[in-house]
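Q: no sequence on this one, just coordinates:
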């Protein structure tokens, strides 16, 4: 547990950012304000955070920790380290593990391992269907009891509309939320990138916008029909943003996320010899899609930024584009990418990356404004610092950002009263 | 030029320089002893991840006519399923001693990726549905021999454009040399977007049959799913097949090209394949000369 004075920062409050010092003793916030009494400061390390934003630690609704089953790509320990370095204090671990997180004991194992590592809160996401096969419901009650609050077959969509209806009803009654990977497999089959001018010249089979749009449209209708909430993962298409805005206007309980890479890149990054670090699902789409995603985020149609941190070893990417695995790592760079691309207000950044995701995942200890008496759980973010990611603490390095220059860097991460990351180094 | 990976960025000057050298190579191949010592001591690696007899033999003949040694690597199935990355395979072949690599692969961009990992020149001998640049060069050579120049030539490319690396290479190369290209196919066999393509489009072969100088026929690539997007072969022939009746309507100066292998009775009638103005075998012969010219260009060697 730490004893530090965060001096001269800008602290997130209900009324906006306020210049203040924060005194943390034994991991607990004991004072917030200017002119804190000096006599209190014996044995306390003073850290100058002038100009830095201090707010609740980031929460990622969409992380692939790969354990159990794919520990050669990432494990809960290495993924927790990557999260800490990126300013996260909690992550939701996707259930496409081996075995899949379709039963209570697998989810409980992941949660327990997360606690044992102790760098971030790891909330397992339960599978919707047994084995993520899309045919019958997973052990939803057991998963709920093991701490799952978000349920998804991510990596695969819940394709069967009847099963999706059952899932919405059953999971909604438990108090959880279904989180859908929006992809119509009939439209996406054989595709490896966005269907458009670039894919046509390359001859790579494309994945049309409609692959996402038709699934979003269908599931909005099912959410309306069942009266239950639904969350849409990693939006990529402008039309889906329109569909969600329309659903919101009609009072349907829909939330949605977008990834940092869909906010930064388009399919123009892809050429015949391109490093498949630009290959992900859903694919990078056109500039008009990217602009629509940004506008959707700014208009609160999209609630949350989630990383879809998807580690793959080099051998999975040292192949032609069509043969390469989907996905990029993103935990260590997310806040920097968002700050560089969007130049948000501090309150926007914390809404997108901690407050709203904590609400969706029902994490009581996350997404809280710093307050006296609270166990310190926060990130200190320097919005003006420039840096380039050159190496990663994740086990995998499939990042499209290596060597790029970003504005905005995580200075400190404090998770449950402990310093977990400092100046890009693990504490 | 360090590698030959695509025709997309080749200028008329680049193309003409290779074609001029290919003319010289064609002359070498007509000699009683069709061989020159220019690449003696060099080893050309023929790296084939996809079945191909014709292209491999053509490159092999080209290398040997220049006195280079050849070594052949053949593999089918994904490098991933074999547990070796493409990079490992490429570095291994370079270490064995390939001075130039000819790469055929079933996936887009394979030759491009290899060119980033190795220090030797790479020739793309076909990468999935992307590019097959030496095919476009040999087609251009064949047309230049016949017509003297490509400028203003009307070329109709008919058939499974969507899955054709030959079409992609030819569209850019022929356009750079001044030809006017029309793609003829049903929408399901055209690329989903033609934004930026220097082409016109027709949806029935009868729209172009009387006006085109060159009828370039492509087979339907069943192995890439091309046969799933036309209702039946007889219906395809009725709209897009070059039948003998249609051949008879073509102008007397026009020619027929096909990159092979031909599906006689589908895109090309048997009698048309055998007809006087079918240049299919000239294309095959010119393939050797063009590949010699490309190897010399990439080795920076000058034929004397």
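A: That came through fine. On a predicted model such as this, the values are computed, not experimentally measured, just so you know. Numbering: from 1, shown residues only, chains lettered A, B, ... in the order given.

Q: C-alpha only now, for contacts and for neighbours.
A: Fine.

Q: got the domain boundaries for the chain?
A: In the absence of a named chain, chain A is used. Taking automatic domain parsing as the reference, chain A has its domains at A:4-54+A:371-426, A:58-360.

Q: was after chain B, sorry
A: In the recorded assignment (automatic domain parsing), chain B comprises B:12-131+B:284-299, B:133-280.

Q: Tell me which of these approaches chain A most closely.
A: Chain A sits nearest to domain B:12-131+B:284-299 of all the domains of chain B, at 4.3 Å, using C-alpha to the nearest C-alpha.

Q: which of the residues in stretch B:27-35 are buried?
A: By 16 or more other C-alpha atoms under 10 Å in any protein chain shown, the buried positions in stretch B:27-35 come out as B:28-29, B:35.

Q: what does the stretch 51-200 of chain B put close to chain A?
A: Taking C-alpha under 8 Å from any C-alpha of the partner chain as the criterion, the stretch 51-200 of chain B approaches chain A at residues B:78-80, B:84-87, B:107-113, B:128-131, B:162-165, B:168, B:191-196.

Q: in the stretch 51-200 of chain B, what spans have low per-residue confidence?
A: The model of the stretch 51-200 of chain B has pLDDT under 70 over residues B:76-83.

Q: centroid residue for chain A?
A: In chain A, the residue lying closest to the centroid (C-alpha atoms, centre = their mean) is residue A:306, at 2.5 Å.

Q: Tell me if I'm right that that residue and residue A:64 touch.
A: No. Residue A:306 lies out of contact with residue A:64 (C-alpha atoms under 8 Å); the separation is 11.3 Å.

Q: Please list the residues of the stretch 201-350 of chain A that sit near chain B.
A: Contact residues (C-alpha under 8 Å from any C-alpha) of the stretch 201-350 of chain A with chain B: A:201-204, A:271-275, A:315-316, A:318-323.

Q: hang on, the earlier thing: quick check: which of the domains of chain B is nearest to residue A:266?
A: Nearest of the domains of chain B to residue A:266, taken as C-alpha to C-alpha: domain B:133-280 at 16.3 Å.

Q: Which helix or which strand is home to the spatially closest residue to residue A:36 that is not a sequence neighbour?
A: Sequence neighbours aside, residue A:21 is the residue nearest to residue A:36 in space, at 7.3 Å (criterion: C-alpha to C-alpha, 6 or more residues apart in numbering or on different chains). Residue A:21 belongs to strand A:16-25 when assigned by DSSP states H and E.

Q: Now do that strand: which elements does it pack against?
A: On a contact count with 3 or more C-alpha pairs under 8 Å, 6 or more residues apart in numbering or on different chains; DSSP states H and E, strand A:16-25 meets strand A:4-13, strand A:28-33, helix A:346-350.

Q: buried residues in it?
A: Within strand A:16-25, the residues scored as buried using 16+ other C-alpha under 10 Å are A:17-25.

Q: What is the nearest of the residues you listed to chain B?
A: Nearest to chain B among the buried residues of strand A:16-25, counting by C-alpha to the nearest C-alpha, is residue A:17 at 47.3 Å.

Q: Out of the domains of chain A, which is the most enclosed?
A: Highest mean neighbour count of these: domain A:58-360, a mean of 22 (counted as mean count of other C-alpha atoms under 10 Å in any protein chain shown).

Q: quick one: that domain to chain centroid distance?
A: Distance, stretch centre to chain centre, for domain A:58-360: 8 Å (C-alpha atoms, centre = their mean, to the nearest Å).

Q: With stretch B:249-268 instead?
A: A distance of 16 Å separates the centroid of the chain from that of stretch B:249-268, by C-alpha atoms, centre = their mean.

Q: and that stretch, which residues are buried?
A: For stretch B:249-268, by 16+ other C-alpha under 10 Å, it's B:250, B:254-259, B:262, B:265-268.

Q: Residues touching it, excluding its own?
A: The contact list for stretch B:249-268 (C-alpha atoms under 8 Å, 6 or more residues apart in numbering or on different chains) reads B:135, B:139, B:159, B:166, B:209-219, B:233-234, B:236-237, B:240-243, B:270, B:273, B:277-280, B:283.

Q: what about that stretch, start to end distance?
A: 15 Å (C-alpha to C-alpha, to the nearest Å).

Q: ditto for stretch A:226-244
A: One end of stretch A:226-244 to the other measures 17 Å (C-alpha to C-alpha).

Q: Let's test this: mean pLDDT of that stretch, rounded?
A: Here stretch A:226-244 scores 98 as its mean pLDDT.

Q: Now do the helices in the chain.
A: I'll assume chain A. All helices of chain A, identified by DSSP state H, fall at A:76-85, A:104-117, A:140-145, A:161-174, A:185-188, A:197-202, A:209-226, A:238-249, A:260-264, A:287-298, A:334-342, A:346-350, A:356-360.

Q: Actually, chain B is the one I wanted.
A: Remark: helices assigned in chain B by DSSP H are B:12-29, B:54-65, B:79-82, B:86-96, B:110-117, B:133-147, B:165-176, B:233-240, B:244-249, B:270-273, B:280-299.

Q: Which of the ones you listed sits closest to residue A:106?
A: helix B:79-82 (28.5 Å).

Q: thinking in terms of the whole chain, how far from its middle is stretch B:20-39?
A: 21 Å.

Q: Just the residues contacting it, thanks.
A: With contacts defined as C-alpha under 8 Å, 6+ apart, stretch B:20-39 is touched by B:63-68, B:141, B:286, B:289-293, B:301, B:303.

Q: quick one: average confidence on stretch A:316-323?
A: For stretch A:316-323, the mean pLDDT works out to 90.

Q: Check stretch A:43-61 too.
A: 96.

Q: Any idea which of the helices and strands packed on strand A:16-25 gets closest to residue A:166?
A: Within those, the stretch nearest residue A:166 is helix A:346-350; the backing value is 33.8 Å (C-alpha to C-alpha).

Q: by contact count, what packs against that closest one?
A: strand A:16-25, strand A:53-56.

Q: Partner strands of the longest one, with direction?
A: This points to strand A:16-25. Using DSSP bridges, the strands paired with strand A:16-25 are strand A:4-13 (antiparallel), strand A:28-33 (antiparallel).

Q: same question, the shortest one
A: In its sheet, strand A:53-56 lies beside strand A:4-13 (parallel), strand A:378-387 (antiparallel), with partners assigned from DSSP bridges.

Q: Nearest residue to residue B:149 in space, please, no chain neighbours.
A: Closest residue to residue B:149 apart from its sequence neighbours, by C-alpha to C-alpha, 6+ apart: residue B:143 at 7.4 Å.

Q: Quick one: neighbours of that neighbour, just the number.
A: Around residue B:143 there are 22 other residues, counting by other C-alpha atoms under 10 Å in any protein chain shown.

Q: Pretty sure it sits against residue B:153.
A: No. With contacts counted by C-alpha under 8 Å, residue B:143 stays clear of residue B:153, the gap being 9.2 Å.
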